[in-house]
Structures are given as structure tokens and as C-alpha cells.
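> okay, predicted coordinates and the sequence, questions at the end:
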There are 2 protein chains.
Amino acid sequence: MDRHLARWRGKAPFDERVEAIVTRMQFLVKRFAQAKETALAELGIRDFEFETLHHLVARGDPWRATPSELAAELVVSPAGMTGRLDTLERNDLVRRIRGTQDRRRVDVELTDKGLAAWTSAMHLRAVAEKTIVGTLSPADQDTLSALLNQMLAHTESTL
Amino acid sequence: MDRHLARWRGKAPFDERVEAIVTRMQFLVKRFAQAKETALAELGIRDFEFETLHHLVARGDPWRATPSELAAELVVSPAGMTGRLDTLERNDLVRRIRGTQDRRRVDVELTDKGLAAWTSAMHLRAVAEKTIVGTLSPADQDTLSALLNQMLAHTESTL
DNA sequence: GACGAATAATTCGCTAGCGAAATACTATTC
DNA sequence: GAATAGTATTTCGCTAGCGAATTATTCGTC
């Protein structure tokens, strides 16, 4: 992948540094995704399933959220989230509960099976991620996290 | 998105720092993707089309590569790359040329139209990316790029 | 020259996700 | 109470990409 960047050195009609950052991040995120899918495959769970359960667990008991909240947090369209929830519900990992005060709303709740699946998967997935991030020292990890956060703060403010 | 991370503080059964890094990178890469699709939409070109043309241009005249080379550089499966090239060929952005010395191979070559499309799109896409990365100082950008590269070097060495 | 292993690209069947529209519902105004 | 605008979720039609298998070709061995 750095060969790609090397080809442009000195002659690219754009900011090479920005190009390098974006390209490396894209590449790494694909690697994270591949590592996680591989690690989770032995449990028969997909990473998008895990991520969704993860966000429900993060909310604490009673582990509920609306499809819109989940869609926003996971950067997925409403239609995409509906499809995800269809899959999770079909696998008995979540249940949909119609709102009583506002029937347009749906509460997505983690099932016992979903919580157990999350528990089993969480460690495997953490190992897969740490394998890559762990090459950095803790101090470097803090630096990286802060820089990413600075860019994130910007994207949040322009929405 | 940081609300998600805040929910775990102090009680997560995994390394919060690693989680923060991976989550932020995933979020940012999605934002990059959205910004680029939006910017390129006015030219009627998709980001995956641009990325593919970009890798061909990077090789210099005569702007050729095999499907396997492109698949590896862009982290796409062979089947996925075949589909991409189908789309690019249908839009007259590339042409496929059967190898003469090894007829299993195909040479993917940029067309004039493809080069023109890359030229038009390149600036728009660079602006979209810089909008986010540009919030960091040049020194911070170098730091970020180096840290990302350190992780990348590791993933390359474990393939 | 025949055969088997390996390689390159494509095909096949499938899926997660998208944008836009539709449906169901709520809130506000008259 | 009726009408309208807005919201939440789902439906619809489509697509980029995947894994596995297939097809065509090359290379090495006998």
C-alpha cells in the first residue's frame, strides 16, 4: 500500500500527507474488519451483529434503544438499520417492542441470548483489534486517539 | 459517538483505549466515504470508481495493472474487483486487454475518458478529505500518519 | 506428449446496505 | 373534529462486494 503512496511522491497534484492519512486509515479499517470477521466467525456471529449488540449493552440495563438511535450511533441509514434488526431478531439476539406512548417508535431490546453472544464475542473481537493497535505504546495510543478525536469533533460540528 | 465511549468508562471488560481508537477510525472512515461520495456525485462518479482510476494513474503511463494487482492494492476480493471492472468498462473508463504472453492475465488500461474523469474528480475528492484532516496542524498530521504507518507495517508483516 | 498442480479471472448465489417512497402515527393549528 | 406538517420505521428496487466454485491457461514433472 505504501508503494501506492510512493508513486506519487513529489508529483501528486494534491496534499500527499492528507492522502497518506486517509489511505492508511481506510486500509487499517479494512484490516480491522477482516480480523474481526475472522475472530467472530467461530462463534457464528458477524461483526455488524456484534457492533449492534455492543451499542445496546453500552446503554446498560434494560439494554434498549430505538432504531434511529442505533442508526445514528453506528452510521447506518434507517433502511440499513431495519435490515440489521431483521437479521438480529431472526437470530433471536434482540426483540422489537412497539412503543406504548408513541407507536411510531420501536424499542430494540437485547435478549438473554444476545447478551450471552455479546459476552462470548467481546473478548475475541478485542483481541483481534488489539493485535493491530497493540503495536503502539500506550503513550502513542493516547496521542493517536486524541488526534482522531480532534478530527471527529470537527465532523460532528458540521452536521 | 463519544457518548458511546463514555458509557463504558471505568467498567468495560476490555481495553478502552483500543476501543476508542478503532471506533473513532471506523467512524471517520465512514465520514470520509460520505464526504467523498457527496463531492463526487456532481461528476456522476462513485468513489470506488475514482479509487480504481486513481491506482491506475499512480502507475504512470501506460496506466495499466492486472485485476489481481488492483484487488490487492484496494483490499477487494477477486470477485469484487471483477465486478468493479465490469462497471468501469461499461462506463468506458477502462478497457480490458488480454495478456499476450499469459492469456490467463488481463491488463486493465485507463481510457482517455477515464483519465479525464480522474482529473476532474481528483480535486473535489481532495477537498472533501482535507476538510476533515485539515483540522490538524501539519505537525500533527505527520504524527498521525506515522502512527498509522506503524500499525500498517505490522498488518503487512502478518500477511 | 500427457498429466497434475497452480494461477488468473470470472461466474454464481447471496447479502448488507443504500436512496427514495410508502405507511403509520403524532403534534399543531384552525 | 378536521386538516396539515412532521416524525419513525418499513418497504421497494437496486448495487457493491463476498465466498466458493468454475473455466481457461500456464508450468513443471514424468
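Everything's here; your move.

> only C-alpha atoms from now on, for both contacts and neighbour counts.
Will do.

> worst-scoring helix or strand of chain A, pLDDT-wise?
helix A:2-8 (a mean of 68; mean pLDDT, DSSP states H and E).

> toward the C-terminus, what is the element adjacent to that one?
Downstream of helix A:2-8, the next assigned helix or strand under DSSP states H and E is helix A:16-41.

> what comes up buried for that following helix?
A:16-33, A:35-40 (16 or more other C-alpha atoms under 10 Å in any protein chain shown).

> that helix vs helix B:16-41, what angle?
120 degrees (axes from the mean of the first three to the mean of the last three C-alpha atoms, to 10 degrees).

> tell me where chain A has strands.
A:64-65, A:94-98, A:106-110 (DSSP state E).

> make TSV from the ones you listed and add distance to DNA strand C to it.
Output for the strands of chain A, formatted as TSV (distance: least, C-alpha to the nearest atom of the strand, whole Å):
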stretch	distance to DNA strand C
strand A:64-65	17
strand A:94-98	9
strand A:106-110	10
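
> now the ones you listed in a markdown table, with mean pLDDT and distance to residue B:107?
Shown next, in a markdown table, are the strands of chain A (pLDDT from 0 to 100; distance: least, C-alpha to C-alpha, whole Å):
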| stretch | mean pLDDT | distance to residue B:107 |
| --- | --- | --- |
| strand A:64-65 | 96 | 50 |
| strand A:94-98 | 95 | 48 |
| strand A:106-110 | 96 | 50 |
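
> so which of these comes closest to residue B:139?
strand A:64-65 (40.4 Å; C-alpha to C-alpha).

> do the closest one and DNA strand D meet?
No - against DNA strand D, strand A:64-65 shows no contacts by C-alpha under 7 Å from any atom of the strand, the least distance being 7.9 Å.

> so is that strand next to chain B?
No - judged by C-alpha under 8 Å from any C-alpha of the partner chain, strand A:64-65 and chain B are separated, with a smallest distance of 12.3 Å.

> so what strands line up beside that strand?
Partners of strand A:64-65 in the sheet, by DSSP bridges, are strand A:106-110 (antiparallel).

> any part of stretch A:145-159 near chain B?
Yes - residues of stretch A:145-159 are located near chain B by C-alpha under 8 Å from any C-alpha, namely A:145, A:147, A:148, A:149, A:150, A:151, A:152, A:154, A:155.

> what is the lowest-pLDDT residue among those residues?
Going through those one by one, the lowest pLDDT turns up at residue A:155, 78.

> now it: closest residue in space, sequence neighbours ignored.
residue B:132 (6.7 Å; C-alpha to C-alpha, 6 or more residues apart in numbering or on different chains).

> count the neighbours of residue A:137 for me.
Residue A:137 has 10 neighbours, counted by other C-alpha atoms under 10 Å in any protein chain shown.

> one more: residue A:61?
10.

> hang on, the earlier thing: and the strands of chain A: which comes nearest residue B:119?
Comparing the strands of chain A under C-alpha to C-alpha, the one sitting nearest is strand A:64-65, at 44.7 Å.
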